[in-house]
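Colleague: From the sequence below, what's the structure:
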Amino acid sequence: MVSSIDSIKYNLTLLNKRNEKVTYQMSSGDALQNGSDNSQQYNKILSINNNVSTYNSILERIQSSDSYNTNSDKSIDSMKTSMENIIELLTKAVTDTTTSDGKSAIADEIESEMDTIFSLANTKIDGQYLFSGKSSTVQPFVKDATTGKITYVATNNNKTVNVENNNYATQGVNGNELFYYTDKTTSTQVSIFDDLKEIVNALNLKDSSGNTITQDASDTILSNAIDKLDSGYDAMNLAHSKLGTRTASIENYESIVQTKLTNFTIFQEEYASADLTTLAIESQSLENTYTALYSTINKINSLSLVKYLS
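Modeller: This is a model prediction of the structure:
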């Protein structure tokens, strides 16, 4: 009789331990309560969780970079619109029918468009300048308070984003790519802002130093300026095209990383999550076992009492 009771107590202890785990799994949704429950599965879960965390971080960086490029694209679109307006105004200015007062008014309009481009070139999103390359906390273009000359002061190197396993994609375009072109005659780097400033000065019959120039000298400068603006606009278009290529590359990586993250999340669900349907069945089975054990205990107690009374 003692042996039977000891056996029942032992089975009841095992049953309580299993019931504790099942209760934990059903309430938490976790497949394992402790690593020792199944060390192989536990290590697999840790590996999957690390991958999910890693790819979530990568995806966050990629999406941030994609947003950065989208804002850059919008800014460049607006810059190109201003450049197109300037080219149209300059074409009007060089016609014989445009008076001196008309040219002065055009100079004011071009200067206004130039201010718009300058502002767009210094666009800042979430504390980062879009066209400063790697030095994104540095304002890319500064204007001399005396001469009005606009200069690019940031880096010519672009930011990169780690898209997976130390693979890096280029982000955005920098101000040098966007606002400088190579002069076909001198093979030197020329700033679009310098060209625009020269046009405004010429329309007002001034040189770069503020000295008065003749109408003939002004006409020569303005005539040559059309080709310069075309070159500057081409440089801006080229930079815009580079941005499109870089954006497409980042979006491709985004799709790849999103797919991998989805797969790891599915694995995470399979390995780390409890099967509630199976647990519900097991819970009912445990309850039935409890009932059977306690029934046996009651019978043993009854037999013991009868034996004692007899």
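
Colleague: Now do the same contact list for the spatially most central residue of the chain.
Modeller: The chain has Ser64 as the residue nearest its centroid, 1.6 Å off, counting by C-alpha atoms, centre = their mean. Neighbour list for Ser64: Val161 [criterion: C-beta atoms under 8 Å, 6 or more residues apart in numbering]. Quick note: C-beta positions are derived from backbone N, CA and C, even for glycine.

Colleague: Pretty sure it sits in a helix.
Modeller: Yes - using DSSP: H, G, I helix; E, B strand; the rest coil, the assignment for Ser64 is a helix.

Colleague: Can you tell me how far it is from Asn162?
Modeller: 12 Å (C-beta to C-beta, to the nearest Å).

Colleague: Please enumerate the strands of the stretch 1-150 of the chain.
Modeller: Here the stretch 1-150 of the chain has its strands, by DSSP state E, counting those that start in this stretch, at 124-125, 128-129, 141-143, 150-152.

Colleague: Let me have these in a markdown table, extended by distance to Ser78.
Modeller: Listed next are these as a markdown table, based on distance: least, C-beta to C-beta, whole Å:
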| stretch | distance to Ser78 |
| --- | --- |
| strand 124-125 | 14 |
| strand 128-129 | 16 |
| strand 141-143 | 15 |
| strand 150-152 | 17 |
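
Colleague: if I look at the residue nearest to the centre of the chain, how far off is Lys228?
Modeller: 37 Å.

Colleague: residue ranges with poor pLDDT in the stretch 201-310 of the chain?
Modeller: 270-310 (pLDDT under 70).

Colleague: Just tell me which of the strands of the stretch 1-150 of the chain ends up closest to Asn167.
Modeller: strand 128-129 (22.1 Å; C-beta to C-beta).

Colleague: Show me how far the closest one is from its chain's centre.
Modeller: 14 Å (C-alpha atoms, centre = their mean, to the nearest Å).

Colleague: Just checking: what are the partner strands of that strand?
Modeller: When pairing is defined by DSSP bridges, strand 128-129 lines up against strand 124-125 (antiparallel).

Colleague: how far is the partner strand from where the chain is centred?
Modeller: On C-alpha atoms, centre = their mean, the centre of strand 124-125 falls 14 Å from that of its chain.
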